[in-house]
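Participant: my questions concern the predicted model and sequence given below.
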Amino acid sequence: MLGAIEAGGTKFVLAVSEDGLTVEHRVSIKTTTPEETMAQVFAYFDKYPVTALGLASFGPLNVNVRSKGYGSITNTPKLPWRHYDILGDMKAHYPDVRFAFTTDVNAAAYGELKAGAAKGVQDVVYWTVGTGIGAGIVSNGKLLQGYSHPEAGHMLVRRDPRDEFAGFCPYHHDCLEGLAAGPAIEQRFGKPAIELAPDHVAWEIEGNYLAQACMNVTLTVAPERIVFGGGVMHQPQLFPMIREAFKEKIADYVEYPALDDYIVPIALKDDAGVIGAFMLAKEA
Ligand SMILES: Nc1ncnc2c1ncn2[C@@H]1O[C@H](COP(=O)(O)OP(=O)(O)OP(=O)(O)O)[C@@H](O)[C@H]1O
Ligand SMILES: [Zn+2]
(Lines give C-alpha, C1' and ligand atoms only; values in the text may rest on other atoms or scores of the structure.)
(Ligands and ions follow the chains in the order given, each with its own letter.)
Protein backbone atom coordinates (compact mmCIF):
# COMPACT_ATOMS: atom_id res chain seq x y z
CA MET A 1 0.00 0.00 0.00
CA LEU A 2 1.15 3.53 -0.84
CA GLY A 3 0.85 6.57 1.36
CA ALA A 4 0.89 10.27 0.52
CA ILE A 5 1.31 13.36 2.62
CA GLU A 6 0.67 16.72 1.04
CA ALA A 7 1.96 19.03 3.72
CA GLY A 8 0.60 22.51 3.09
CA GLY A 9 0.90 25.69 5.07
CA THR A 10 -2.77 25.63 6.09
CA LYS A 11 -3.62 21.94 5.88
CA PHE A 12 -2.08 18.51 5.56
CA VAL A 13 -3.73 15.97 3.27
CA LEU A 14 -3.05 12.35 4.20
CA ALA A 15 -4.04 9.58 1.82
CA VAL A 16 -3.52 5.95 0.94
CA SER A 17 -3.80 4.02 -2.30
CA GLU A 18 -3.15 0.56 -3.69
CA ASP A 19 -2.25 1.51 -7.26
CA GLY A 20 -1.21 5.12 -6.78
CA LEU A 21 -3.88 6.44 -9.13
CA THR A 22 -7.02 6.00 -7.07
CA VAL A 23 -7.26 7.71 -3.72
CA GLU A 24 -8.68 5.01 -1.47
CA HIS A 25 -8.95 7.08 1.64
CA ARG A 26 -8.00 10.58 2.59
CA VAL A 27 -8.24 13.03 5.44
CA SER A 28 -7.35 16.65 5.81
CA ILE A 29 -5.96 18.03 9.06
CA LYS A 30 -5.01 21.52 10.13
CA THR A 31 -1.38 22.66 10.05
CA THR A 32 -0.61 23.93 13.54
CA THR A 33 2.68 22.90 15.16
CA PRO A 34 4.87 19.92 14.27
CA GLU A 35 4.00 18.29 17.62
CA GLU A 36 0.24 18.49 17.12
CA THR A 37 0.04 17.95 13.40
CA MET A 38 2.57 15.13 13.24
CA ALA A 39 0.81 13.28 16.08
CA GLN A 40 -2.24 13.15 13.79
CA VAL A 41 -0.10 12.06 10.86
CA PHE A 42 1.29 9.15 12.85
CA ALA A 43 -2.16 8.20 14.17
CA TYR A 44 -3.41 8.07 10.58
CA PHE A 45 -0.60 6.02 9.03
CA ASP A 46 -0.47 3.64 12.00
CA LYS A 47 -3.79 2.30 10.68
CA TYR A 48 -2.55 1.33 7.20
CA PRO A 49 0.09 -1.18 6.07
CA VAL A 50 1.96 1.37 3.97
CA THR A 51 5.24 0.18 2.42
CA ALA A 52 6.19 3.38 0.58
CA LEU A 53 5.21 6.95 1.27
CA GLY A 54 5.52 10.16 -0.74
CA LEU A 55 6.07 13.22 1.39
CA ALA A 56 5.40 16.46 -0.49
CA SER A 57 5.82 19.51 1.65
CA PHE A 58 5.55 23.26 1.62
CA GLY A 59 8.99 24.79 1.58
CA PRO A 60 11.56 25.85 1.35
CA LEU A 61 12.96 22.39 1.93
CA ASN A 62 16.36 20.82 2.07
CA VAL A 63 16.15 18.27 -0.76
CA ASN A 64 19.89 17.86 -1.14
CA VAL A 65 20.61 14.24 -0.19
CA ARG A 66 24.30 15.03 0.18
CA SER A 67 23.75 17.67 2.85
CA LYS A 68 23.40 17.35 6.59
CA GLY A 69 19.98 18.94 6.83
CA TYR A 70 18.40 16.75 4.12
CA GLY A 71 14.72 16.18 4.76
CA SER A 72 13.97 19.28 6.77
CA ILE A 73 11.88 22.35 6.21
CA THR A 74 14.26 25.31 6.17
CA ASN A 75 13.55 29.04 6.22
CA THR A 76 9.77 29.09 6.43
CA PRO A 77 7.97 32.10 7.92
CA LYS A 78 5.90 29.52 9.83
CA LEU A 79 8.13 29.62 12.85
CA PRO A 80 7.20 26.34 14.60
CA TRP A 81 8.14 24.52 11.40
CA ARG A 82 11.44 26.25 10.77
CA HIS A 83 14.29 23.71 10.60
CA TYR A 84 11.90 20.89 11.46
CA ASP A 85 13.23 17.54 10.21
CA ILE A 86 9.95 16.28 8.83
CA LEU A 87 11.42 13.42 6.80
CA GLY A 88 13.67 12.32 9.68
CA ASP A 89 10.71 12.21 12.04
CA MET A 90 8.69 10.13 9.57
CA LYS A 91 11.60 7.73 9.06
CA ALA A 92 12.07 7.37 12.81
CA HIS A 93 8.40 6.36 13.17
CA TYR A 94 8.33 4.10 10.15
CA PRO A 95 11.82 2.59 9.77
CA ASP A 96 10.66 -0.04 7.26
CA VAL A 97 8.87 2.33 4.92
CA ARG A 98 10.53 3.72 1.78
CA PHE A 99 10.19 7.47 1.36
CA ALA A 100 10.12 9.97 -1.47
CA PHE A 101 10.60 13.57 -0.43
CA THR A 102 10.00 16.70 -2.46
CA THR A 103 8.11 19.98 -2.60
CA ASP A 104 4.33 20.17 -2.89
CA VAL A 105 4.57 21.71 -6.37
CA ASN A 106 7.07 19.13 -7.57
CA ALA A 107 4.66 16.39 -6.51
CA ALA A 108 1.80 18.12 -8.31
CA ALA A 109 3.97 18.40 -11.43
CA TYR A 110 4.70 14.68 -11.19
CA GLY A 111 1.02 13.84 -10.71
CA GLU A 112 0.08 15.83 -13.80
CA LEU A 113 2.86 14.11 -15.73
CA LYS A 114 1.80 10.60 -14.72
CA ALA A 115 -1.95 10.93 -14.85
CA GLY A 116 -3.06 14.47 -15.69
CA ALA A 117 -2.68 17.20 -18.26
CA ALA A 118 0.90 16.18 -19.07
CA LYS A 119 0.28 12.44 -19.33
CA GLY A 120 2.55 10.88 -21.91
CA VAL A 121 5.15 13.62 -21.95
CA GLN A 122 8.59 13.64 -20.32
CA ASP A 123 9.11 17.31 -19.62
CA VAL A 124 6.63 19.52 -17.84
CA VAL A 125 6.57 22.72 -15.89
CA TYR A 126 3.68 22.96 -13.46
CA TRP A 127 2.79 26.41 -12.13
CA THR A 128 0.48 27.05 -9.25
CA VAL A 129 -0.86 30.58 -9.02
CA GLY A 130 -2.63 31.05 -5.71
CA THR A 131 -1.69 32.85 -2.51
CA GLY A 132 1.85 32.44 -3.78
CA ILE A 133 3.36 31.21 -7.04
CA GLY A 134 5.32 27.99 -7.23
CA ALA A 135 6.72 25.83 -9.98
CA GLY A 136 7.41 22.12 -10.15
CA ILE A 137 9.62 20.96 -12.98
CA VAL A 138 10.01 17.49 -14.44
CA SER A 139 12.85 17.16 -16.91
CA ASN A 140 13.50 13.94 -18.81
CA GLY A 141 10.93 12.24 -16.59
CA LYS A 142 12.72 13.25 -13.39
CA LEU A 143 12.06 16.01 -10.91
CA LEU A 144 14.44 18.85 -11.36
CA GLN A 145 16.23 19.51 -8.11
CA GLY A 146 19.90 20.10 -7.58
CA TYR A 147 21.66 21.97 -4.84
CA SER A 148 18.12 22.92 -3.92
CA HIS A 149 14.70 22.81 -5.56
CA PRO A 150 13.53 25.41 -8.07
CA GLU A 151 11.79 28.48 -6.65
CA ALA A 152 10.75 29.82 -10.01
CA GLY A 153 7.77 31.66 -8.53
CA HIS A 154 10.23 34.33 -7.47
CA MET A 155 11.79 34.90 -10.88
CA LEU A 156 12.11 38.49 -12.00
CA VAL A 157 9.76 39.77 -14.67
CA ARG A 158 9.55 42.95 -16.69
CA ARG A 159 6.94 45.31 -15.29
CA ASP A 160 3.71 45.76 -17.26
CA PRO A 161 3.52 49.43 -18.34
CA ARG A 162 -0.03 49.68 -16.92
CA ASP A 163 1.03 48.41 -13.52
CA GLU A 164 2.02 50.71 -10.66
CA PHE A 165 1.60 48.19 -7.86
CA ALA A 166 4.81 47.88 -5.83
CA GLY A 167 4.52 44.11 -5.42
CA PHE A 168 3.96 42.22 -2.18
CA CYS A 169 6.82 39.71 -1.98
CA PRO A 170 8.51 40.37 1.37
CA TYR A 171 11.88 39.39 -0.11
CA HIS A 172 11.89 40.84 -3.63
CA HIS A 173 8.79 43.06 -3.79
CA ASP A 174 8.13 42.93 -7.54
CA CYS A 175 9.19 39.40 -8.47
CA LEU A 176 6.67 37.19 -10.33
CA GLU A 177 4.94 36.14 -7.10
CA GLY A 178 4.96 39.71 -5.81
CA LEU A 179 3.22 40.97 -8.95
CA ALA A 180 1.04 38.08 -10.06
CA ALA A 181 -0.10 35.88 -7.16
CA GLY A 182 -3.71 36.28 -5.98
CA PRO A 183 -2.93 38.85 -3.26
CA ALA A 184 -1.17 41.08 -5.82
CA ILE A 185 -4.33 41.22 -7.93
CA GLU A 186 -6.39 41.99 -4.85
CA GLN A 187 -4.04 44.69 -3.56
CA ARG A 188 -3.63 46.30 -6.98
CA PHE A 189 -7.35 46.70 -7.59
CA GLY A 190 -8.70 46.84 -4.04
CA LYS A 191 -10.93 43.78 -4.26
CA PRO A 192 -10.54 40.01 -4.41
CA ALA A 193 -9.54 38.65 -7.81
CA ILE A 194 -12.69 36.56 -7.97
CA GLU A 195 -14.80 39.75 -7.99
CA LEU A 196 -13.12 41.27 -11.05
CA ALA A 197 -15.05 40.94 -14.35
CA PRO A 198 -13.50 38.68 -17.02
CA ASP A 199 -12.84 41.72 -19.23
CA HIS A 200 -11.13 43.71 -16.46
CA VAL A 201 -7.62 44.94 -17.34
CA ALA A 202 -6.41 42.93 -14.32
CA TRP A 203 -6.46 39.78 -16.44
CA GLU A 204 -4.46 41.36 -19.28
CA ILE A 205 -1.78 42.35 -16.79
CA GLU A 206 -1.90 38.92 -15.16
CA GLY A 207 -1.66 37.29 -18.59
CA ASN A 208 1.40 39.39 -19.38
CA TYR A 209 3.25 38.26 -16.24
CA LEU A 210 2.32 34.61 -16.64
CA ALA A 211 3.35 34.73 -20.31
CA GLN A 212 6.76 36.01 -19.21
CA ALA A 213 6.94 33.12 -16.75
CA CYS A 214 6.21 30.73 -19.64
CA MET A 215 8.80 32.40 -21.86
CA ASN A 216 11.46 32.13 -19.16
CA VAL A 217 10.89 28.43 -18.56
CA THR A 218 10.66 27.76 -22.28
CA LEU A 219 14.10 29.32 -22.69
CA THR A 220 15.65 27.55 -19.69
CA VAL A 221 14.18 24.06 -19.43
CA ALA A 222 12.38 23.67 -22.77
CA PRO A 223 9.39 21.72 -21.48
CA GLU A 224 6.97 19.84 -23.68
CA ARG A 225 4.00 21.19 -21.73
CA ILE A 226 3.25 23.96 -19.25
CA VAL A 227 0.40 23.27 -16.85
CA PHE A 228 -1.27 25.91 -14.69
CA GLY A 229 -3.23 25.29 -11.48
CA GLY A 230 -4.11 27.25 -8.33
CA GLY A 231 -6.98 29.52 -7.38
CA VAL A 232 -6.22 32.36 -9.79
CA MET A 233 -6.29 29.97 -12.76
CA HIS A 234 -9.99 29.37 -12.23
CA GLN A 235 -10.32 32.33 -14.61
CA PRO A 236 -10.49 30.56 -18.00
CA GLN A 237 -10.02 33.79 -19.99
CA LEU A 238 -6.42 33.84 -18.78
CA PHE A 239 -5.37 30.93 -20.98
CA PRO A 240 -5.86 32.58 -24.38
CA MET A 241 -4.33 35.77 -22.98
CA ILE A 242 -1.23 33.96 -21.77
CA ARG A 243 -0.85 32.08 -25.06
CA GLU A 244 -1.18 35.22 -27.13
CA ALA A 245 1.22 37.28 -24.99
CA PHE A 246 3.68 34.38 -24.95
CA LYS A 247 3.63 34.10 -28.74
CA GLU A 248 4.24 37.81 -29.12
CA LYS A 249 7.07 37.95 -26.57
CA ILE A 250 9.02 34.90 -27.67
CA ALA A 251 8.77 36.10 -31.29
CA ASP A 252 9.44 32.71 -32.91
CA TYR A 253 12.96 32.66 -31.54
CA VAL A 254 12.64 29.02 -30.45
CA GLU A 255 10.27 26.26 -31.47
CA TYR A 256 7.62 25.12 -29.07
CA PRO A 257 4.58 22.81 -29.30
CA ALA A 258 1.23 24.01 -30.67
CA LEU A 259 0.10 26.65 -28.17
CA ASP A 260 -3.26 25.10 -27.27
CA ASP A 261 -1.41 21.93 -26.25
CA TYR A 262 1.51 23.75 -24.72
CA ILE A 263 -0.06 26.06 -22.13
CA VAL A 264 -2.92 24.16 -20.50
CA PRO A 265 -4.97 23.95 -17.28
CA ILE A 266 -4.42 21.34 -14.59
CA ALA A 267 -6.40 18.12 -15.03
CA LEU A 268 -6.21 16.42 -11.61
CA LYS A 269 -7.30 19.51 -9.67
CA ASP A 270 -6.94 18.91 -5.93
CA ASP A 271 -5.58 15.37 -6.47
CA ALA A 272 -2.44 16.33 -8.40
CA GLY A 273 -0.16 16.55 -5.37
CA VAL A 274 -1.43 13.39 -3.71
CA ILE A 275 -1.27 11.31 -6.90
CA GLY A 276 2.21 12.66 -7.62
CA ALA A 277 3.27 11.72 -4.10
CA PHE A 278 1.91 8.17 -4.56
CA MET A 279 3.75 7.79 -7.85
CA LEU A 280 7.00 9.07 -6.35
CA ALA A 281 6.57 6.68 -3.43
CA LYS A 282 6.00 3.82 -5.83
CA GLU A 283 9.33 4.57 -7.48
CA ALA A 284 11.23 5.22 -4.24
N1 LIG B 1 -12.10 31.90 -8.93
C2 LIG B 1 -11.03 32.64 -8.67
N3 LIG B 1 -10.62 33.60 -9.52
C4 LIG B 1 -9.54 34.34 -9.29
N5 LIG B 1 -8.78 34.23 -8.20
C6 LIG B 1 -9.13 33.31 -7.31
C7 LIG B 1 -10.25 32.46 -7.49
N8 LIG B 1 -10.33 31.62 -6.43
C9 LIG B 1 -9.30 31.94 -5.64
N10 LIG B 1 -8.57 32.95 -6.15
C11 LIG B 1 -7.38 33.57 -5.58
O12 LIG B 1 -6.42 32.54 -5.39
C13 LIG B 1 -5.73 32.72 -4.16
C14 LIG B 1 -5.84 31.43 -3.35
O15 LIG B 1 -5.23 30.42 -4.07
P16 LIG B 1 -5.48 28.87 -3.83
O17 LIG B 1 -6.95 28.63 -3.86
O18 LIG B 1 -4.65 28.14 -4.81
O19 LIG B 1 -5.04 28.68 -2.34
P20 LIG B 1 -3.70 28.38 -1.59
O21 LIG B 1 -3.61 26.91 -1.48
O22 LIG B 1 -3.74 29.21 -0.37
O23 LIG B 1 -2.53 28.91 -2.48
P24 LIG B 1 -1.01 28.43 -2.40
O25 LIG B 1 -0.95 27.17 -3.19
O26 LIG B 1 -0.25 29.55 -3.02
O27 LIG B 1 -0.69 28.24 -0.94
C28 LIG B 1 -6.34 33.92 -3.48
O29 LIG B 1 -5.49 35.03 -3.65
C30 LIG B 1 -7.65 34.13 -4.22
O31 LIG B 1 -7.97 35.49 -4.31
ZN1 LIG C 1 9.88 37.02 -4.35
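Facilitator: Yep, that arrived. Ligands and ions are numbered 1, 2, ... in the order given.
Participant: what about the closest residue to ligand 1 within the stretch 1-150 of the chain, how many residues nearby?
Facilitator: Nearest residue of the stretch 1-150 of the chain to ligand 1 (CB to the nearest ligand atom) works out as residue 130 at 2.5 Å. Quick note: C-beta positions are derived from backbone N, CA and C, even for glycine. When neighbours are defined as other CB atoms under 10 Å, residue 130 has 15 of them.
Participant: check contacts around it.
Facilitator: Going by CB atoms under 8 Å, 6 or more residues apart in numbering, residue 130 touches 181, 182, 230, 231, 232.
Participant: quick one, what contacts the residue nearest in space to the middle of the chain?
Facilitator: By CA atoms, centre = their mean, the chain has its centre lying nearest to residue 105, at 2.2 Å. Taking CB under 8 Å, 6+ apart, we find residue 105 in contact with 126, 128, 134, 135, 136.
Participant: how about 6 Å then?
Facilitator: Contacts for residue 105 (CB atoms under 6 Å, 6 or more residues apart in numbering) come out as 128, 134, 136.
Participant: and which of these is nearest to ligand 2?
Facilitator: When these are compared for distance to ligand 2 (CB to the ion), residue 134 wins out at 11.3 Å.
Participant: quick one: that closest one and residue 154 touch, right?
Facilitator: No. Applying CB atoms under 6 Å, one finds residue 134 not in contact with residue 154, separated by 9.3 Å.
Participant: related to what we said a few turns ago, what subset of the contacts of residue 130 is buried?
Facilitator: 181, 182, 230, 232 (16 or more other CB atoms under 10 Å).
Participant: could the residues you listed be laid out in a markdown table, adding pLDDT?
Facilitator: Shown next, in a markdown table, are the buried ones among the contacts of residue 130 (pLDDT from 0 to 100):
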| residue | pLDDT |
| --- | --- |
| 181 | 98 |
| 182 | 98 |
| 230 | 97 |
| 232 | 98 |
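Participant: in CSV, list the residues you listed along with secondary structure.
Facilitator: Listed next are those as CSV, based on DSSP: H, G, I helix; E, B strand; the rest coil:
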residue, secondary structure
181, coil
182, helix
230, coil
232, helix
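Participant: show me what the helix ranked longest in the chain is in contact with.
Facilitator: Using DSSP state H to define each element, the chain has its longest helix at helix 201-221. The set of residues external to helix 201-221 that reach it, using CB under 6 Å, 6+ apart, is 125, 137, 139, 155, 157, 160, 162-163, 176, 179-180, 185, 189, 196, 226, 237-238, 241-242, 245-246, 249-250, 256, 263.
Participant: could you flag which of these are buried?
Facilitator: 125, 137, 155, 157, 160, 163, 176, 179-180, 185, 189, 196, 226, 238, 241-242, 245-246, 249-250, 256, 263.
Participant: filter those down to just the ones in strands.
Facilitator: Counting by DSSP state E, the part of the buried ones among the contacts of helix 201-221 found in strands is 125, 137, 226, 263.
Participant: any idea how far ligand 1 is from the third one?
Facilitator: Here the criterion is CB to the nearest ligand atom, to the nearest Å. By it, residue 226 lies 17 Å from ligand 1.
Participant: bridging residues for that residue?
Facilitator: Assessed by DSSP bridges, residue 226 has beta-bridge partners residue 125, residue 263.
Participant: quick revisit: give me the subset of the contacts of residue 130 touching ligand 2.
Facilitator: Among the contacts of residue 130, not one lies near ligand 2 by CB under 5 Å from the ion.
Participant: mind picking the two most distant members of these?
Facilitator: Farthest pair in the contacts of residue 130 (CB to CB) is 181 and 231. Separation: 9.4 Å.
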